[in-house]
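K.L.:
below: sequence and its predicted model.
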Amino acid sequence: DAKTTQPPSMDCAEGRAANLPCNHSTISGNEYVYWYRQIHSQGPQYIIHGLKNNETNEMASLIITEDRKSSTLILPHATLRDTAVYYCIVRVAGGRDDKIIFGKGTRLHILP
Amino acid sequence: NAGVTQTPKFQVLKTGQSMTLQCAQDMNHEYMSWYRQDPGMGLRLIHYSVGAGITDQGEVPNGYNVSRSTTEDFPLRLLSAAPSQTSVYFCASSETGAHPYGYTFGSGTRLTVV
């Protein structure tokens, strides 16, 4: 089973910041938090990942709480092209247990 | 650099037929995996491999076989196709460890079993 919990859907106005929450209360010390998104029926696309520090790249920011039990993906200026299903995943990176189990994700609707 | 290549893109099978879905990557990634996605659902892990000669079962392995004889290829075999295996199949690859780009996914194979 997936080790994360996300709201099934969210709306965000175009141009505003989209904040997508994720709970991973059973995360282990060697597990990373990864975010992916899937646009329509395409293959999932990597967005960002982190271990315990906040991270930022050209697509998004990832805020991880100090106890690592939850995180938030921030899309700073959402556009219509950001409409997608967003998956929050925890992953043991490396070794025989290195696998990604997807949950149901959050369907993000960007409203014009 | 083609990334992850899946063939075929579309396939229709009759119940009981067997076939192999091909997945190849040219990035020298140690890790490869197969997922299926049913309409309106999330992705479910079928099998994965952390390196050549090593394979493990995922969440839904029944009815599927895999092998990993080379780093580049990770074929998925349907032994006796059933209508319940109608789905979109995605292959993914990654370096092991916390690689900054995570997994790279193929464009998918859309399989219909009639």
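P.N.:
Thanks, I have the structure now.
K.L.:
so what's residue 105 up against?
P.N.:
Answering for chain A, as no chain was given. Contacts were defined as Cβ atoms under 8 Å, 6 or more residues apart in numbering or on different chains; by that measure A:Gly105 touches A:6, A:38, A:85-88, B:42. No exception for glycine: its C-beta is placed from N, CA and C like everyone else's.
K.L.:
actually chain B
P.N.:
A:43-45, B:4, B:90-92.
K.L.:
among those residues, which two are most distant?
P.N.:
Pairwise distances among these were taken by Cβ to Cβ; the largest, 14.7 Å, belongs to A:Gln45 and B:Cys91.
K.L.:
and those two? Which one has more around it.
P.N.:
Neighbour tally, A:Gln45 and B:Cys91, criterion other Cβ atoms under 10 Å in any protein chain shown: the higher count belongs to B:Cys91, 28 against 16.
K.L.:
from the contact counts, what lies against the strand or helix carrying that one?
P.N.:
Following DSSP states H and E, one finds B:Cys91 within strand B:87-94. Under the contact definition 3 or more Cβ pairs under 8 Å, 6 or more residues apart in numbering or on different chains; DSSP states H and E, strand B:87-94 sits against strand B:4-7, strand B:19-25, strand B:31-37, strand B:104-105, strand B:109-113.
K.L.:
give me the nearest residue to the closest residue to chain B within chain A, chain neighbours excluded.
P.N.:
Of all residues in chain A, A:Gly43 sits closest to chain B, at 3.1 Å by Cβ to the nearest Cβ. Excluding the flanking residues, the one nearest A:Gly43 by Cβ to Cβ, 6 or more residues apart in numbering or on different chains is B:Phe105, at 3.1 Å.
K.L.:
from A:Thr4, how far out is the one you found?
P.N.:
As judged by Cβ to Cβ, to the nearest Å, B:Phe105 and A:Thr4 stand 19 Å apart.
K.L.:
which ones are touching the residue located most distally from the centre of chain A?
P.N.:
Ranking residues of chain A by C-alpha distance from their mean position (Cα atoms, centre = their mean) puts A:Arg96 at the top, at 23.5 Å. Contacts for A:Arg96 (Cβ under 8 Å, 6+ apart) come out as B:50, B:54, B:56.
K.L.:
can I get the CA coordinates of the host helix or strand of the first one in CSV?
P.N.:
Per DSSP H and E, B:Val50 falls inside strand B:43-51. Backbone C-alpha positions of strand B:43-51 (Å, rounded to 0.1, in the frame of the first residue of the first chain) are rendered in CSV as follows:
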residue,chain,number,x,y,z
LEU,B,43,-0.4,3.3,-11.2
ARG,B,44,0.2,-0.1,-9.7
LEU,B,45,3.7,-1.7,-9.6
ILE,B,46,3.9,-5.1,-11.4
HIS,B,47,7.6,-6.0,-11.2
TYR,B,48,10.8,-4.2,-10.7
SER,B,49,14.6,-4.8,-11.1
VAL,B,50,17.4,-3.1,-9.2
GLY,B,51,20.0,-4.4,-11.7
